[in-house]
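Chemist: All I have is the shape, not the residue letters:
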């Protein structure tokens, strides 16, 4: 019996070591070269992806993997629109924008900028998770494990403001979704693995409740009618399950009104969402998946079109 236990423990230890080696190897390209690359241009490719389906009532506009030889183009954890361009940030605080690709894909040259507290001080955490525009030339960023949001000048990557947000989330949690304000609704910050959100008003962050099952929110955006759409995930033995939830913003709560499960791969980790209005009240939903800098995952960009009356 004792020998059998030792054998099992030995096998388990070997498997853990192999997992650690794979994780370390997936981080090496960035750890040893990406961090040392100064702000500069990079070429990215949008490679069309066949075989993806749309949820019932939705139409697939396009799906692409985002590929690049530049090690900074990885770990993309957020998505938002600034004018007619999509903006993203990596978990290592690299920020760039790109034009929404056509279904046939293609190449684009982008300028990749490193977000800094100052010229000498980097961001306090490498795990940036959400992005939203405070103004056309300013962006908000959130990171895991920190009770704050940071406002940056988009053109320079220079930090302008640190906004404390008192939270009680776990060590590997924090604000994962930011939703921009509109004329009638204040900006929002949603916390992963906690049923709480914060209204970001002039008097500081105010906590509100979430009613309905969202899973773990990982990205958020504003619809043209003022409602909120969230991409979220759950993680199980079989991998990731991703969904979109639409919510109504009330004074004291966010109320879930529609849920759509996404027919994606079991390793696709969707972490960002942005919206663009289409004619006759329809919406194009753009979503991005974080590859976690792992060889077995992919940086996936997907666009779905949904009519106003097609939400289940």
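Modeler: Cool, got the structure. All figures in this text were calculated on a predicted structure; none of them were measured in a lab. Residues are numbered from 1 along each chain as shown.
Chemist: Might you list the low-confidence residue ranges for the stretch 1-150 of the chain?
Modeler: 1-36, 118-126, 145 (pLDDT under 70).
Chemist: Spell out the residue ranges of the strands in it.
Modeler: All strands of the stretch 1-150 of the chain, identified by DSSP state E, counting those that start in this stretch, fall at 40-48, 58-67, 80-82, 85-89, 94-98, 106-114, 128-135, 138-143, 148-153.
Chemist: nearest to residue 176, of those strands?
Modeler: strand 128-135 (5.0 Å; Cβ to Cβ). No exception for glycine: its C-beta is placed from N, CA and C like everyone else's.
Chemist: tell me what whichever strand or helix holds residue 162 is packed against?
Modeler: If you go by DSSP states H and E, residue 162 is part of strand 158-164. For strand 158-164, the elements it packs on are strand 148-153, judged by 3 or more Cβ pairs under 8 Å, 6 or more residues apart in numbering; DSSP states H and E.
Chemist: list the helices and strands the strand it packs on packs on?
Modeler: Using 3+ Cβ pairs under 8 Å, 6+ apart as the contact test, the elements touching strand 148-153 are strand 138-143, strand 158-164.
Chemist: Pipe these into a markdown table and attach mean neighbour count per row.
Modeler: Formatted as a markdown table, the helices and strands packed on strand 148-153 follow (neighbours: other Cβ atoms under 10 Å):
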| stretch | mean neighbour count |
| --- | --- |
| strand 138-143 | 23 |
| strand 158-164 | 13 |
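Chemist: Distance to residue 223 for these - can I get that in JSON lines?
Modeler: JSON lines is the format used below for those (distance: least, Cβ to Cβ, whole Å):
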{"stretch": "strand 138-143", "distance to residue 223": "19"}
{"stretch": "strand 158-164", "distance to residue 223": "25"}
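Chemist: who wins for proximity to residue 299 among the ones you listed?
Modeler: Residue 299 lies closest to strand 138-143 among those, at 19.0 Å (Cβ to Cβ).
Chemist: Direction-wise, compare that closest one with strand 85-89 and give the angle.
Modeler: Between strand 138-143 and strand 85-89, the angle comes out at 30 degrees (axes from the mean of the first three to the mean of the last three Cα atoms, to 10 degrees).
Chemist: ok, back up a step: can you tell which of the helices and strands packed on strand 148-153 is closest to residue 72?
Modeler: Of all these, the one in closest proximity to residue 72, counting by Cβ to Cβ, is strand 138-143 (16.0 Å).
Chemist: and the closest one, which strands flank it?
Modeler: When sheet partners are counted by DSSP bridges, strand 138-143 sits next to strand 128-135 (antiparallel), strand 148-153 (antiparallel).
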